[in-house]
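Q: sharing a model prediction with you, sequence too.
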Amino acid sequence: MKFLTLFIQSSLVLGLCCACKKPAEPKVNSASVTAESAPAFKIAEHQRQALEQAKQVEQELSKASEAHQKQIDEATK
């Protein structure tokens, strides 16, 4: 039982030490960017386009809502 408790405690201490360690930041020079790393930016392109479309839809809905609210206000006066 003591062995199990000691094992669990040491595992927790080791885990905490590893979790608290700050990862080293990779040093990337702009000249070292290769064609292999360029497609990584293309991966998010579809998501960016979807986000822009969603923003446009949000603006259109907002305008429509404001126009509808204006019509309601004018009708109730």
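A: Yes, it's here. Numbers count the residues shown, from 1 in each chain.

Q: now the longest helix seen in the chain: mean pLDDT?
A: Using DSSP state H, we find that the single longest helix of the chain is helix 45-76. Average pLDDT, helix 45-76: 93.

Q: can you give me the buried ones in that helix?
A: For helix 45-76, a neighbour-count test (16 or more other C-beta atoms under 10 Å) marks nothing as buried. Where you see a C-beta, it was placed from the backbone N, CA and C, and this is true even at glycine.

Q: assign a three-state SS to residue 25, would you?
A: State at residue 25, reduced to three classes by DSSP: H, G, I helix; E, B strand; the rest coil: coil.

Q: what does stretch 68-77 contact?
A: Counting contacts by C-beta atoms under 8 Å, 6 or more residues apart in numbering, no residue outside stretch 68-77 touches it.

Q: just the CA atoms of it, as PDB, please.
A: In PDB, the C-alpha atoms belonging to stretch 68-77 read as follows (Å, rounded to 0.1, in the frame of the first residue of the first chain):
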ATOM      1  CA  HIS A  68     -38.500  45.600 -39.900                       C
ATOM      2  CA  GLN A  69     -38.300  47.300 -36.500                       C
ATOM      3  CA  LYS A  70     -38.600  50.700 -38.200                       C
ATOM      4  CA  GLN A  71     -41.700  49.500 -40.100                       C
ATOM      5  CA  ILE A  72     -43.200  48.300 -36.800                       C
ATOM      6  CA  ASP A  73     -42.400  51.600 -35.100                       C
ATOM      7  CA  GLU A  74     -44.000  53.600 -38.000                       C
ATOM      8  CA  ALA A  75     -47.100  51.400 -38.000                       C
ATOM      9  CA  THR A  76     -47.600  51.800 -34.300                       C
ATOM     10  CA  LYS A  77     -47.400  55.600 -34.400                       C
END
